[in-house]
Every structure is written in C-alpha cells, then in structure tokens.
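Asks: Have a look at this fold, sequence not included:
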Ligand SMILES: Nc1ncnc2c1ncn2[C@@H]1O[C@H](COP(=O)(O)OP(=O)(O)O)[C@@H](O)[C@H]1O
Ligand SMILES: O=C(O)[C@@H](O)C(=O)COP(=O)(O)O
C-alpha cells in the first residue's frame, strides 16, 4: 500500500519525481490525474509511492486548487499519509499562482500549518542561495526562463515570487543553518515566525537537500522540485524499473512543443540528423485536419525511408518563432500547438508508433491525456529528471503498450533526441 503521495503540477515533473523516487527505493507509479486513482489497480496497491500527474501549472488558480485537493483526497483513500507537492525547479508560476494557492489548500486540507519550499535541484543546475534561485550560473530572471511563453520568470527571489500567491507568511532559512544540520533546521522551523509560514530553504547541493528532508520527515506536506526527494528513503532499495514495451526498430517519434533553451538546442542538433518538420501555425489555423495529415504523413514516410531515424515534429527552433500576439479571433498558439501535437501522437500511435519522446511539460500533458493513459510505470533513466516510462494507450487505429519519455523543456543533453533510444535497447 502506498504511504507517500505526490501531486505534480505537470507531467514532465511527475516522471521527474517518479524516477528520483524509484532511485531512492520507492516502488513508484505515476497516475494520470486523480480519476486514475479511483479504480482497483494492483499496480497502485503494490506501490510505495504514487505521483499524480496534473496539467495544473498554468490552469486558473481555482481549477489547480480543486484538482490538487481532489488528488490529495484520492491519495489519502489509497493509504498515503505523507504528501509531496512537486512544482518546477524554476518555480514556474505567476503572481496569481499556482504554487501558493495549491500549497495553501493542501495545508488546509491536511490540517497542517507550515511547510517548506525547496525548488533546488542541483543535479540539473538549480540551486537556492540567500533565497535566490539560480539556473546553473544565472539568476532565474537572467536565465532563458525570463522569456518562457506561459510563465516568464522575471525575479529570482523565491520569497518575492511566492508572497503574492499565498495567504500565509513567507519565511526563509539560510544555508548557514542548513549546514548546521537537521536539528538546526528543525529548531528554525519551530520558531514562532515560521509556525504558520511557507519557508523557503536554501540548498546548493544534495547534502543540503538530505538535511532538509531529515528535518521535515514528520511534516505531512513538503513542497519542492524533485531534488528534495534525494533525502527520502523508501522501503525497497534497488526497486525495479519496468522493462521497455517496445523493441529496437519499432516506429518512434519526437514531438517537441517546448520553446525552452535546452529544447531549442536539442532541435538544432537533431535538424542535421533526423527527418524534421516544423509546425506551421498559419497552416494549422487555416486547415487543422489537412496540416495534421501533412505532419503525420511526413512521419510515416520517414519511418518507411529509414526506421532507424525517428522523425522530429517541432514547434520552435528560434525564440522568434514564439508568437507574441495572437491574431484576432484565432486560437492562441500555445493551445494550437498542444492540440496539434496531441493529435499527431494519437494518429501516429494508431499507425504503429511505440516510442514517443515528448519535449515540454504542457505538451506532455496534452499528449498523454490524448493517448488516454491512466498510469505510467517508470522505466530506464535517460538523464537527470528524464526517464522512459511505459503506458497502455488508446488511439483510433489501435493502442497498446508504448514507451514514453516526457522531457522537461530545459532538461537533457543536446543530443537527447538521437541518443535517448539507446536506453530502450
Ligand atoms: N510558436 C509558438 N508560439 C507560442 N507558444 C508556443 C509556440 N510553440 C509552442 N508553444 C507553446 O509553448 C508552451 C511550452 O510549454 P511546455 O510544453 O511546458 O514546454 P517547457 O517544458 O519548455 O515549459 C506550450 O504550451 C506550447 O504549445
Ligand atoms: O522541476 C523541473 O524542472 C521539471 O520537473 C519540471 O517541472 C519542468 O517543467 P517543464 O519545463 O515545463 O517541462
């Protein structure tokens, strides 16, 4: 029976946390939305941890809160007693939410008063020092996250980002206290000014995260990126990862809806190596079905020409490809691209695709939902925060078991679109 329940605000974040939990000895299942928890599923009953994947990061705050609280109740009904709210290591949010409103609501639902806020994930270059969030060498607001199409991050001070989003006080614990150990952090969290607060805690390496995890082991709720899970210990060290669903040579495709800097570098690298087609926003707006048929036809022809080179369907190669202003009366580009890539995934699975690498959190949410997957089983790791996962999916042409890699926009090496497949061999 699972005892640890996690709620992830996007799908790449859910597999990011799940791969970390497996590595820490938790048999872990990702559930696609709270409704996937309502069924008697032996995979869920046998798990030590369940991560609910939501597409709530950019939803209206009320919707994100309702989905998250519903997920909490479903996880409780499964037996979970400790909870982890997973958000982005770059704190992707707006002044209206959703990190603050969801954290407040989860605390209220649990009858708890305080928690920690820990976006640090050193394995992927995210660290927090003196309350400032760094992405590798850059402050968050000087990193490419400044120009994210949905959640542009224009400040690096986590307290200042969070304060307008929450009804609770926001406090901080500095690295000096963390370096004094778990008892010192516990004592700081017990001080009156942090008793009802959301406390941002500095962490620049995995030892700091282990100290924070130890100091909060009796908290009903912790919040952060996947890094905080470094300090957790599950009951099954060496927990098995699931075997691939596909075999080498099975049709594969890369669907990239992310505009993030790492994805753009990965697209640039792949353009010389893989058959590639960029989504044409004007064509999709003029004739969605026709434009879709062009894209999926291109993928099918690519499989026929060379099954060893997965086609790449991508949205953005250059920052200028990001549409700044939606033409009057038109569907916003972000929704259009998500809808198009989700539809491509459905059609291509029906045409035989068994390996899908999806770049982008929102994009992954759209694709996995369109494929009707209910749970994801963690498979072979690809890179920090990125893993293969196995899912049963449906499509009009026929479904079955597929391998999915949901890659956060900013994760993965430059060659990931050409090398990730090696982990399935
Ligand atoms: N040309 C474009 N103009 C505007 N938005 C776009 C464009 N191409 C893609 N997008 C949108 O940008 C968003 C990227 O978010 P996401 O998929 O979460 O990627 P990331 O993981 O990099 O944040 C998606 O909603 C996607 O549809
Ligand atoms: O914590 C992280 O950085 C990731 O797990 C994550 O949430 C990434 O989000 P996207 O970049 O939107 O995929």
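Replies: Perfect, thanks for sending it. Predicted, not measured: the structure shown is a model, and the values here were computed from it. Ligands and ions are numbered 1, 2, ... in the order given.
Asks: shouldn't residue 2 be in contact with residue 44?
Replies: Yes. Look at residue 2 against residue 44 with Cβ atoms under 8 Å: they come within range, at 6.9 Å. All C-beta spots, glycine's among them, are computed from the backbone N, C-alpha and C.
Asks: what do these two both touch?
Replies: 29, 50, 78 (Cβ atoms under 8 Å, 6 or more residues apart in numbering).
Asks: so which helix or strand takes in the second one?
Replies: To tie it back to what came earlier, the one meant is residue 50. Using DSSP states H and E, residue 50 falls within strand 49-53.
Asks: Direction included, what does that strand pair against?
Replies: Strand partners for strand 49-53, identified by DSSP bridges, are recorded as strand 4-8 (parallel), strand 28-32 (parallel).
Asks: what does the first one contact?
Replies: Applying Cβ under 8 Å, 6+ apart, the external contacts of strand 4-8 come out as 14, 16-17, 21, 26, 48-54, 68, 71-72, 75-76, 78, 80, 82-87, 102, 106, 232, 234.
Asks: Quickly check: stretch 103-120 near ligand 2 or not.
Replies: No. Residues of stretch 103-120 contacting ligand 2 under Cβ under 6 Å from any ligand atom: none, with a closest distance of 7.5 Å.
Asks: can you pull the contacts of the residue of the chain found nearest ligand 1?
Replies: At 1.9 Å from ligand 1, residue 409 is the closest residue in the chain, using Cβ to the nearest ligand atom. Residues in contact with residue 409 (Cβ under 8 Å, 6+ apart) are 12, 258-260, 262-263, 359-361.
Asks: Can I get these in TSV including distance to ligand 2 and pLDDT?
Replies: As requested, these are exported to TSV (distance: Cβ to the nearest ligand atom, whole Å; pLDDT from 0 to 100):
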residue	distance to ligand 2	pLDDT
12	4	97
258	7	96
259	10	94
260	6	92
262	9	95
263	9	97
359	8	98
360	6	96
361	3	94
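Asks: Greatest separation within these: which pair is it?
Replies: Greatest spacing in those, by Cβ to Cβ: 12 and 259 (14.1 Å).
Asks: contacting residues around the helix or strand bottoming out on mean pLDDT in the chain?
Replies: Lowest by mean pLDDT, DSSP states H and E among the helices and strands of the chain is helix 42-45, with a mean of 87. Applying Cβ under 8 Å, 6+ apart, the contact partners of helix 42-45 are 1-2, 29, 31, 37, 50, 78, 375, 377.
Asks: Now the buried members of the residues you listed.
Replies: 2, 29, 31, 37, 50, 78, 375, 377 (16 or more other Cβ atoms under 10 Å).
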